[in-house]
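Engineer: fold the stuff below for me.
(chains A and B)
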Protein chains: 2
Amino acid sequence: MERIDFQTDPSRYRHWRIEIDGEVASLIMDVDQAASVFEGVELKLNSYDLGVDIELNDAVQRLRFEHPEVRAVVVKSGKDNVFCAGANIRMLGKASHGHKVNFCKYTNETRLAIEDACESSGQAYLAAVKGSCAGGGYELALATQHILLVDDRRSTVSLPETPLLGVLPGTGGLTRVTDKRKVRRDRADVFCSTEEGVRGAKAVEWRLVDEVVPNSKWADTVAARARELATRSDRPRDAKGIALIPLDRRMNGDAIAYPHVSLDLDRGRGIATLTLRAPSGPAPASVAAAHAQGAAFWPLALARELEDAILHLRANEPEIGLVVFRTEGDAAAVLAHDALLGESDWLMREVRHYLKRVLKRVDVTSRSFVALVEPGTCFAGTLAELVLAADRSLMLIGTRDGDNRPAAAITLGDANFGHYPMGNGLTRLETRFLGDAAAVARLRQKIGVPLDAEAADEAGLVTATVESYDWDDELRVMLEERASFSPDALTGMEANLRFAGPETMETKIFGRLTAWQNWIFQRPNAVGQQGALKLYGTGVQPTFDKGRV
Amino acid sequence: MERIDFQTDPSRYRHWRIEIDGEVASLIMDVDQAASVFEGVELKLNSYDLGVDIELNDAVQRLRFEHPEVRAVVVKSGKDNVFCAGANIRMLGKASHGHKVNFCKYTNETRLAIEDACESSGQAYLAAVKGSCAGGGYELALATQHILLVDDRRSTVSLPETPLLGVLPGTGGLTRVTDKRKVRRDRADVFCSTEEGVRGAKAVEWRLVDEVVPNSKWADTVAARARELATRSDRPRDAKGIALIPLDRRMNGDAIAYPHVSLDLDRGRGIATLTLRAPSGPAPASVAAAHAQGAAFWPLALARELEDAILHLRANEPEIGLVVFRTEGDAAAVLAHDALLGESDWLMREVRHYLKRVLKRVDVTSRSFVALVEPGTCFAGTLAELVLAADRSLMLIGTRDGDNRPAAAITLGDANFGHYPMGNGLTRLETRFLGDAAAVARLRQKIGVPLDAEAADEAGLVTATVESYDWDDELRVMLEERASFSPDALTGMEANLRFAGPETMETKIFGRLTAWQNWIFQRPNAVGQQGALKLYGTGVQPTFDKGRV
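Structural biologist: Residues are numbered from 1 along each chain as shown, chains lettered A, B, ... in the order given. The predicted structure is shown next:
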């Protein structure tokens, strides 16, 4: 498979259309069956692969940034008789274990981005389900806040993965059924084992959809519901959107350079260095001036570049097991930009939530993260979140011989105390000091104060502080040691240690559901030569090892 | 491997000793290295296998029931230089995937039983750690409420699974470190990747232990802490314990019969029928009379028999994928016994919490459960929990031709509204009606009222109600359909659907941590010919596939 590129734009879409009619947008799924990222896979019946979801994610993103006027988004199908058949099964059968896991992770993130648009951005999503809505198709509908199902005696919703494929509805399906829609567990059990799905009044009674609508009233009802939800939105009426112009991205061998982010790979050691640069100039003088910068506004540009780099590592560089975070530049410039994000303004809000989502992508990325806090770095405000997101951080004490840059400092800002909650609903500081709310309160008093190594250590912000003469050895030993461990054990360890404290639907999706799906994705009963996923569509029945584990 | 028997008693222990000195008991781990359940495995250095944990579970149980005078339990080692080396690694290397998963599940349940004794039973557990305390050994210490570590420059606590074995500290280790002891995530990361562990003051600073104690003050300090915790106990001073006499268990081919429980296997269909019988006589007239019945007191006898049957199915009958719950007898007798469990009395409390733990074992058992509510059944009070614990339930409408027993009824009791919270902290009714607190409130009004099929259906207590002429077909189709599904997909589906709503440390252990560990337990990096678990102790370094998933 070729390199997966997560950048796209509507002019290049093969699978989706956006139609905007005033405050209501239609997001129309019309998959080009010939355009799978897998050669030889046909994306029949609006089934999808990673490429389809990359376009969906792009569309969701652009609707938020480019279309402040859109207050409701209706997800519908561009094909007759089928809403969406879910993830393409031949693709799942052919894909490597790693690809399947990454595909599910990304798809889950896209579903959560839809929910985030509803909750945080005043953009209501509705699913207008006409035709069969199966598996990942229903999981897409579940991500919206209102599901309409046409009552034509043919259209159904279903999660047929268990009976048909021997795997789970793993793009959030099981969790959203029980925790979001609060379907009774025994009904959920029946529903998830019923190939043909559920339709009509029963789908409403079981809470699987919000309403069923006769065919004769379909278009009017969908339009009416969209308008109703649109009226509840707090999005501005006359604002101008920001164009998400193509990223300035230069690939050169094992390096990728963006204006504010660089990614450099050391394949021999399996290490990537991800360098984030502070803004090169002062912050815009006002929110209006920030709007005028458009996609060049530093926090937005940084989010887009960091997101692209992380997604690239996940999908295209599985053997890079460790990522080092570095920063460069002027901490004051970071904090000045952060200050704008706290303003009450639709675009500032979008950027804030986008950075939140990108940092969450870091949290669920199966790579070890190490932050290096050295002279010349600027882990301040938004960039300080990387120290808190990292599995470990090292901070250099004082300065280096022959280096006239001042000693390293970490500077917290308001952004660290609420802008970027993790999936568990807590800030990274709250998660870090789960047993010690007073520690978080004390740190709040230090907002804006550069904390040197001693102070940062005292405050519990870094894992270790190291003298300059020990730095190279300490770092080398740590990186070599990490590289010697089982990549799988590290993935599991990090997935557990990163999410202390409360759980939410989101952490359940990435913790419980995902981990079970990953387990099942390796089992012979799914992927063996006689497994259900392997044999689907061949007419041959799978042969199961009946042993329960 | 021979049939695993979960019944034991102190006279048969090979690995543990209980020493009681007034209100303080010592629970001494002194593993007989020649007595593994696996032939050819030597349980060196106080390492353990399932057999060792079965004795520990038995000891924890007997301390609660047989020794009301014991208010604090000190867990210590009977060997020099080692507290406990954790799960035996050769055993893990040799065991089947299914055995490993079951072993971890049972061991986790034992750890939770220790925590339940501390929280619910006024019996404080302390770990007195002298010598090396590694992996599952430290996980055992983590389950206590106070960990003392001797400060002898040699004794350490460690979770070396990731660096040494390429697996997780999966008996609750990772979760207890972050969520119970609230160790900072980066310190947890360092700790879990440090083979040699942590000792002395750093172990306290990192919250890994509660105190370090010089060797010279060791015995006195341990005794003092035990006494201090004992003073906080609400256990009675002069009560007489209940002897947990051996179960009356008759095995006959594919059937096991206990006085109140029968297990009958249909191997051809992969189905077990678990029949629970109501008390045959009236309830004891008083709590004192219940005490006089000892282990024959129906709720206690039922709990022991049901637990043994469930554990037997898990460990010894992996190809039995589905369990049918039936009940027989007089609902009023069940409710009358239940009423005693609500009394304020140490033994009634023990029985209630024991039933809670047994029902939780059902919740985490990887088998499909179906409850059949027919004429002659008595799903009332405690027994009604089985309808709520089941993945599905079928209830027969009316009576059967030629059967003069009255129509089936479900009768809720106080027990269903708080005696038996699930791992998520909610009752099964609250979990079932997660989106509808009013439904639970309405059901509370029906306590003691026999609900026929129509009423039970209306109240949402059963999955489906079926006319007698459809019953056999409905049931056959349902059972055949279930048997045709992938056992792995069912395990994953049930593990997700059963635990809607909030998460706790316990559900995180069984959801997130366990699922990741199961995944890792299948990965070539752990169990392949070049995997870390396989090669441990051979002197050969593992060869890892470096791809991160």
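
Engineer: hmm, stretch A:135-143 in reach of chain B?
Structural biologist: No - judged by CB under 8 Å from any CB of the partner chain, stretch A:135-143 stays clear of chain B, getting no closer than 12.8 Å. From N, CA and C alone the C-beta is placed, and that goes for glycine too.

Engineer: residues in contact with that stretch?
Structural biologist: Residues outside stretch A:135-143 that contact it (CB atoms under 8 Å, 6 or more residues apart in numbering or on different chains): A:46, A:48, A:56, A:75, A:83-87, A:107, A:111-112, A:114-115, A:125, A:127, A:129, A:133, A:147, A:157-161, A:169, A:171-173, A:176-177, A:180-181, A:197, A:209.

Engineer: out of those, which touch chain B?
Structural biologist: By CB under 8 Å from any CB, the members of these lying near chain B are A:161, A:177, A:181.

Engineer: let me know the helix or strand that the closest residue in space to the last one that isn't next to it in sequence is in.
Structural biologist: Distances taken as CB to CB, 6 or more residues apart in numbering or on different chains place A:Arg207 nearest to A:Arg181, at 5.0 Å, with adjacent residues excluded. Of the helices and strands defined by DSSP states H and E, none includes A:Arg207.

Engineer: pretty sure A:Arg207 is touching A:Asp179, no?
Structural biologist: No - between A:Arg207 and A:Asp179 there is no contact under CB atoms under 8 Å: 11.9 Å.

Engineer: of those two, who's got more company?
Structural biologist: Using other CB atoms under 10 Å in any protein chain shown, the more surrounded residue of A:Arg207 and A:Asp179 is A:Asp179, with 24 against 18.

Engineer: show me what contacts the more buried one?
Structural biologist: Counting by CB under 8 Å, 6+ apart, A:Asp179 touches A:505, A:508, B:434, B:500-501.

Engineer: tell me the one among those nearest to B:Val323.
Structural biologist: Within the contacts of A:Asp179, the smallest distance to B:Val323 is 21.2 Å, found for B:Ala500 (CB to CB).

Engineer: phi first, then psi, for that closest one.
Structural biologist: The phi and psi values for B:Ala500, taken as degrees, to the nearest 10, are phi -70, psi 160.

Engineer: from B:Leu394, how far off is it?
Structural biologist: Per CB to CB, to the nearest Å, B:Ala500 is found 22 Å from B:Leu394.

Engineer: what does the stretch 351-500 of chain A put close to chain B?
Structural biologist: Checking the stretch 351-500 of chain A against chain B by CB under 8 Å from any CB, the hits are A:366-367, A:390-393, A:431-436, A:460, A:462-463, A:481-482, A:484-500.

Engineer: strands - which of the residues you listed land there?
Structural biologist: Cross-referencing those against strands under DSSP state E gives A:392-393.

Engineer: how far does the helix or strand of chain A with the lowest mean pLDDT sit from its chain's centre?
Structural biologist: Ranked by mean pLDDT, DSSP states H and E, the helix or strand of chain A with the weakest confidence is helix A:505-508, at a mean of 89. In terms of CA atoms, centre = their mean, to the nearest Å, the centre of helix A:505-508 is found 13 Å from the chain centre.

Engineer: list the helices and strands it packs on?
Structural biologist: Using 3 or more CB pairs under 8 Å, 6 or more residues apart in numbering or on different chains; DSSP states H and E, no helix or strand is in contact with helix A:505-508.

Engineer: what does that helix contact?
Structural biologist: Contacts for helix A:505-508 (CB under 8 Å, 6+ apart): A:112, A:175-176, A:179-180, A:423-424, A:499, B:503, B:511.

Engineer: distance of the residue nearest to A:Arg181 from B:Leu434?
Structural biologist: 10 Å.

Engineer: what residues of the helix or strand harbouring A:Ala226 count as buried?
Structural biologist: Assigned by DSSP H and E, A:Ala226 falls within helix A:218-231. Residues of helix A:218-231 classed as buried: A:218, A:221-222, A:225-226, A:229-230 (neighbour count, 16 or more other CB atoms under 10 Å in any protein chain shown).

Engineer: would a markdown table of the contacts of A:Asp179 with neighbour count and distance to A:Ser11 be doable?
Structural biologist: Shown next, in a markdown table, are the contacts of A:Asp179 (neighbours: other CB atoms under 10 Å in any protein chain shown; distance: CB to CB, whole Å):
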| residue | neighbour count | distance to A:Ser11 |
| --- | --- | --- |
| A:Met505 | 16 | 35 |
| A:Lys508 | 27 | 37 |
| B:Leu434 | 21 | 44 |
| B:Ala500 | 27 | 43 |
| B:Gly501 | 19 | 45 |
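
Engineer: between these, which is nearest B:His419?
Structural biologist: B:Gly501 (18.3 Å).

Engineer: give me the phi and psi for the closest residue to that closest one other than its chain neighbours.
Structural biologist: Nearest residue to B:Gly501 in three dimensions, chain neighbours excluded: B:Leu434, at 5.0 Å (CB to CB, 6+ apart). Dihedral pair for B:Leu434: phi -60, psi -30, per degrees, to the nearest 10.

Engineer: what do you get for the one 5 residues further on?
Structural biologist: Dihedral angles phi and psi of B:Ala439 (degrees, to the nearest 10) take the values phi -60, psi -40.

Engineer: separation between it and B:Gly528?
Structural biologist: Plainly put, B:Ala439 is 50 Å away from B:Gly528 if you go by CB to CB.

Engineer: same thing with A:Thr427?
Structural biologist: Distance of A:Thr427 to B:Gly528, given as CB to CB: 40 Å.

Engineer: kindly report the same for A:Ser393.
Structural biologist: Distance, A:Ser393 to B:Gly528, by CB to CB: 34 Å.

Engineer: who has more neighbours out of the two?
Structural biologist: A:Ser393 (24 against 18).

Engineer: nearest residue to the more buried one other than its sequence neighbours?
Structural biologist: A:Ala371 (4.1 Å).

Engineer: that neighbour reaches A:Phe325, doesn't it?
Structural biologist: Yes - using CB under 8 Å, A:Ala371 is in contact with A:Phe325, at 4.3 Å.

Engineer: quick one: distance of the helix or strand containing A:Ala515 to the chain centre.
Structural biologist: In this assignment (DSSP H and E), A:Ala515 forms part of helix A:514-520. Chain-centre distance of helix A:514-520: 18 Å, with CA atoms, centre = their mean.
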